[in-house]
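Engineer: Sequence plus the predicted model coming up.
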Amino acid sequence: MKKRKRSKVKAVTFSLVLSLLLALSVTACGSGNGNSAVNNAEVTSNETNAEDEEMKPEAGAKLMVWEAKEQLDYMKQVAADFEKEYGIPVTVQEMAGADQGTRLTTDGPSKLAADVLTLPHDQIGLAVKAGLILPNDIYEEETKSTMVETAVQASSYDGILYGYPKSVETYALFYNKDLISEAPKTWDDVIAFANTYNNPTENKFAIMWEFVGYYSYPFIGSFGGYIYGDNNTNIKDIGLNNEGSVKGFTFLQSLKNILPLNAGDITYDVKTQLFQEGKLAMNIDGPWSVAAFKDHVNLGVAPLPKGPDGQDSLSFSGVKSYYVNSYTDYPVAGRLFAHFASNKENQLKNFKMTGAIPASTEAGEAQEIKDDPIISGFFDQFQNSVPMPSISEIKSVWEPLKAAYVSLWNDPGLDVKQTLDQTVKTIQADLESK
């Protein structure tokens, strides 16, 4: 078991501090007696013992883990492997992913919740504020060094790491290999292909995406815009009308030439059907839609096209991580399990059994990921992604942002700066009313 590095003051336990104080007292009392080397050795020994004690699971520890139905078989295997290695029994209880955060709120204080559970990253802010989850302190530095940076950022709140990243998701570029043999690298490539392929009278289009705020981020973050400042935590700093956002939405308007439909005509169902029928060549979508296409399309998945200045297109992403219930009777064992379940080997096991995209950098570089033309495309895009904001104030953004997104698309002649200025005013008014 890897020990955490001891470079941070917060990592020093009370027992270690006490040991050091006692050792220093002995050294002070015995100064000049020639035993300083012995005393220093005692300090080192006490520090090592304190480390070992901190990492040792509680006597009689037993754990309960919540897991969603689609990952139940996987988690039962992980639980069995953990018990075999550490001798700590683990019960896996089925709990829908969407319900785990709510149940932790109600069942945590009453000691009825699981010791370890999975949460999407946009729920951890509320969990932290309510004191429901423990920091990932013992394995903090190892987690930061082995997981994709975006996953670590998403699993942290107010500068503190809480999660043990488990899997990631974002949207990417789906393409039909029978219609376009290689994924376009840039938007210029997409435009060039569209000019030869599009035939609106036959419902043949080069590319489609949904006009909701979630899918608008490539036209914001890729150009230097942002929603809230300080990594989407500072609601007093709204970047939706800054120079970068204006440039991004101006570029968006130019794409109307290759997708001559109004936003309301481009729905998930419409583009899914066209893609299945072999009329839509490229479709911006997420891993949740792979099953809908695998039996209908010669499917490829690639990162989003680069912007007009050669910049990577940034997408919004989601991260699921394991968290340890702060009300657990076995906080050390809980940390140990969360760390074990999120290691490279188990993330690859999760991929093989459920298709989950790993958050581990090493797992993402494994040959089985690289050889999977679908998962590797999502993993590559994830590394150019921004975690969905986890603060509750993001709710004030979605509707005004969608309205601006749709308006600027439907009317390419609309003034971008004026529209985004009004969007920001609407968001600010909603924030001030709460």
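Structural biologist: Yes, it's here. Numbering: from 1, shown residues only.
Engineer: CA-only coordinates of the strand of greatest length in the chain in PDB, if you can.
Structural biologist: In the chain, with assignment by DSSP state E, the single longest strand is strand 315-324. The C-alpha coordinates for strand 315-324 follow below in PDB (Å, rounded to 0.1, in the frame of the first residue of the first chain):
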ATOM      1  CA  SER A 315     -16.300  20.300 -24.300                       C
ATOM      2  CA  PHE A 316     -18.200  20.100 -21.000                       C
ATOM      3  CA  SER A 317     -17.500  16.900 -19.100                       C
ATOM      4  CA  GLY A 318     -18.900  14.900 -16.200                       C
ATOM      5  CA  VAL A 319     -16.900  12.900 -13.700                       C
ATOM      6  CA  LYS A 320     -18.100  10.100 -11.400                       C
ATOM      7  CA  SER A 321     -16.000   9.400  -8.300                       C
ATOM      8  CA  TYR A 322     -16.200   7.300  -5.200                       C
ATOM      9  CA  TYR A 323     -16.700   9.200  -2.000                       C
ATOM     10  CA  VAL A 324     -16.500   8.100   1.700                       C
END
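Engineer: tell me how far it is from the chain's mean position?
Structural biologist: 3 Å (CA atoms, centre = their mean, to the nearest Å).
Engineer: which helices and strands does that strand pack with?
Structural biologist: When contacts are defined as 3 or more CB pairs under 8 Å, 6 or more residues apart in numbering; DSSP states H and E, strand 315-324 sits against strand 116-120, helix 124-129, helix 149-154, strand 164-170, helix 331-341, strand 385-387. C-beta here means a position set from N, CA and C on the backbone, and glycine is covered the same way.
Engineer: For residue 94, which of the ones you listed is the nearest?
Structural biologist: Closest to residue 94 of the helices and strands packed on strand 315-324, according to CB to CB: strand 116-120, at 12.0 Å.
Engineer: can you list the domain ranges for this structure.
Structural biologist: For the chain, automatic domain parsing gives the domain ranges 9-55, 63-169+317-387, 171-316+391-432.
Engineer: Take the helices and strands packed on strand 315-324 and lay them out in TSV including distance to residue 263.
Structural biologist: Formatted as TSV, the helices and strands packed on strand 315-324 follow (distance: least, CB to CB, whole Å):
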stretch	distance to residue 263
strand 116-120	27
helix 124-129	31
helix 149-154	28
strand 164-170	22
helix 331-341	41
strand 385-387	23
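Engineer: out of the ones you listed, nearest to residue 354?
Structural biologist: That would be strand 164-170 among the helices and strands packed on strand 315-324, by CB to CB, at 8.5 Å.
Engineer: tilt between the closest one and helix 331-341?
Structural biologist: 40 degrees (axes from the mean of the first three to the mean of the last three CA atoms, to 10 degrees).
Engineer: Next, the angle from strand 164-170 to strand 116-120.
Structural biologist: Using the same axes, to 10 degrees: strand 164-170 against strand 116-120 is 30 degrees.
Engineer: And the helices in the stretch 1-150 of the chain?
Structural biologist: Applying DSSP state H, counting those that start in this stretch to the stretch 1-150 of the chain gives helices spanning 14-29, 36-55, 72-86, 97-107, 124-129, 140-146, 149-154.
Engineer: Lowest mean pLDDT across the ones you listed, which one is that?
Structural biologist: Here the lowest mean pLDDT among the helices of the stretch 1-150 of the chain goes to helix 14-29, at a mean of 34.
Engineer: of the helices and strands packed on strand 315-324, which approaches residue 249 most closely?
Structural biologist: Nearest of these (CB to CB): strand 385-387, 17.0 Å.
Engineer: tell me which strands and helices the closest one is in contact with?
Structural biologist: Strand 385-387 packs on helix 149-154, strand 315-324, going by 3+ CB pairs under 8 Å, 6+ apart.
Engineer: before we move on, back to that, work out the sheet partners of the longest strand of the chain and label each with its direction, please.
Structural biologist: Its sheet considered, strand 315-324 pairs with strand 116-120 (antiparallel), strand 164-170 (antiparallel), strand 385-387 (parallel) by DSSP bridges.
Engineer: a markdown table for these, including mean pLDDT and mean neighbour count?
Structural biologist: Shown next, in a markdown table, are the strands paired with strand 315-324 (pLDDT from 0 to 100; neighbours: other CB atoms under 10 Å):
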| stretch | mean pLDDT | mean neighbour count |
| --- | --- | --- |
| strand 116-120 | 96 | 25 |
| strand 164-170 | 95 | 26 |
| strand 385-387 | 93 | 24 |
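Engineer: Can you name the residues bridging to residue 168?
Structural biologist: The partner residues for residue 168, given DSSP bridges, come to residue 319, residue 357.
Engineer: most packed of the domains of the chain?
Structural biologist: Mean neighbours per residue, mean count of other CB atoms under 10 Å, is largest over these for domain 63-169+317-387, with a mean of 20.
Engineer: how distant is that one from the center of its chain?
Structural biologist: When distances are taken as CA atoms, centre = their mean, domain 63-169+317-387 is centred 11 Å away from the chain's centroid.
Engineer: Repeat that for stretch 297-310.
Structural biologist: For stretch 297-310, the distance to the chain centre is 20 Å (CA atoms, centre = their mean).
Engineer: Can you give me the first-to-last residue distance of it?
Structural biologist: Stretch 297-310 has an end-to-end distance of 29 Å (CA to CA, to the nearest Å).
Engineer: Stretch 89-97 now?
Structural biologist: Criterion CA to CA; first-to-last residue distance in stretch 89-97 is 23 Å.
Engineer: Find the nearest non-adjacent residue to residue 56, please.
Structural biologist: Distances taken as CB to CB, 6 or more residues apart in numbering place residue 332 nearest to residue 56, at 6.8 Å, with adjacent residues excluded.
Engineer: show me where pLDDT drops low in this protein?
Structural biologist: Applying pLDDT under 70 to the chain flags residues 1-54.
Engineer: Many thanks, I have nothing further to ask.
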